[in-house]
Each structure stands twice: as C-alpha cells, then as structure tokens.
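**Q** A predicted structure for the sequence below; I have some questions about it.
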Amino acid sequence: MHYNVSHADSIVVLAGSNHPIGVDIVARDYSSLQFMVSDMGQMFSTKEIEVMTRSDHFPKLFLLGWAFKEAYMKCSGVPNWDNLASLEFLNIKVPSITERCISTSGSKVFDSGVRQTGYTETHLLGDSHMIAIYTSQAPDKDGITQFKPISLEEIVKSLR
C-alpha cells in the first residue's frame, strides 16, 4: 500500500493506492499569487505559461500547476525543486461546482525532457481548496479517488 499526505490550513488529505501516489492540496487564496507570479519563469515552462496566460482560469491553473508538480515529485520520490520548469503539465482541467472532480488518464508530464505517462485528478474540496493527485496508474474500477471527511475526534475514537 502506498500513501501520501498533504495539508493546507486546517485540512489534511491522505491518499492511498496500490501504486505510488502523490497528492497536494492548495487553498484557493489568490492573494499570494502576486509574489509567486514574479517567479513564474523558474516554476513553469514556456508552454505552461502560454496556456495559463491565455486562459480565463489563470489563478486556478497557476495553483493547480504548482500542486501537480508537488504531487508528481511526491509520487516519484525525486524532488526536483531546482528544475521545476522541466516538470510540465499542459492539460490541467479546472474543477467547478458542477464538476467537482476531473480525472485524466494518460496525462503526459515531461520531466527533464523525458515523457512520463501518468494519471491525474483534480478535486474541488468545498469552495476553498483544490486537490491535485498524480499516480503512475489509474485507480481500479471506479476510476476516481474517493474522499471522505473524517474529524480528529473520529480518528482518536477509532484508535481506542
């Protein structure tokens, strides 16, 4: 069993799979983007920047692009912080109120010029957070990761 954890604000996400998996959660707080946008060239490839800047969903694509890079590095077990722009995600789908989860099997990521095939999911968690999942293989049958909110009290109770 493989698992991965991410947290933002007071939310913790735990994702598990029979295959290596990476997860990242980001708050839909766009106030910090001004600082990060100044470093876009170090974080995103030229193609990624082009796709983002032509989209009406720039802030969401920016945050999800960042989240997928983190999820991919967690899944692969190889941090590549010095060369983030070499991890290229071009087909990011933005979740919405009507489509809270979007999965894309066969997604391509270019890691330092080498094409990797993987599976990506984006989830909208409430109105405040988005989740990015990367794994080398699609989940079994259902094809979509399931999230179940569990309180800290429930966890402690289950340990007794």
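**A** In hand now; what should we look at?

**Q** element containing the residue positioned nearest the centre of the chain, please.
**A** Taking CA atoms, centre = their mean, the centroid of the chain lies closest to residue 132, which sits 2.1 Å from it. In this structure, residue 132 is located in strand 129-135 according to DSSP states H and E.

**Q** parallel or antiparallel, which strands does that strand pair with?
**A** In its sheet, strand 129-135 lies beside strand 21-27 (antiparallel), strand 114-125 (antiparallel), with partners assigned from DSSP bridges.

**Q** let me have those strands in TSV, extended by mean neighbour count and distance to residue 95.
**A** From N, CA and C alone the C-beta is placed, and that goes for glycine too. Output for the strands paired with strand 129-135, formatted as TSV (neighbours: other CB atoms under 10 Å; distance: least, CB to CB, whole Å):
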stretch	mean neighbour count	distance to residue 95
strand 21-27	23	12
strand 114-125	19	4
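
**Q** export those as JSON lines, with columns for distance to residue 101.
**A** Formatted as JSON lines, these follow (distance: least, CB to CB, whole Å):
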{"stretch": "strand 21-27", "distance to residue 101": "13"}
{"stretch": "strand 114-125", "distance to residue 101": "5"}
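
**Q** doesn't residue 96 make contact with residue 57?
**A** No - the pair residue 57 / residue 96 is not scored as a contact, 9.5 Å apart, by CB atoms under 8 Å.

**Q** can you pick out the residue with more neighbours from the two?
**A** Taking other CB atoms under 10 Å, residue 57 and residue 96 do not tie; residue 57 has more neighbours (14 against 11).

**Q** picking that back up, got a list of contacts for the strand holding residue 132?
**A** With contacts defined as CB atoms under 8 Å, 6 or more residues apart in numbering, strand 129-135 is touched by 6, 8-9, 11, 13, 15, 17, 19-28, 60, 63-64, 67-68, 70-72, 74-75, 95, 109, 118-125, 145, 147.

**Q** next one: stretch 48-57
**A** Applying CB under 8 Å, 6+ apart, the external contacts of stretch 48-57 come out as 40-41, 44, 58, 61-62, 65, 85, 88-90, 94.
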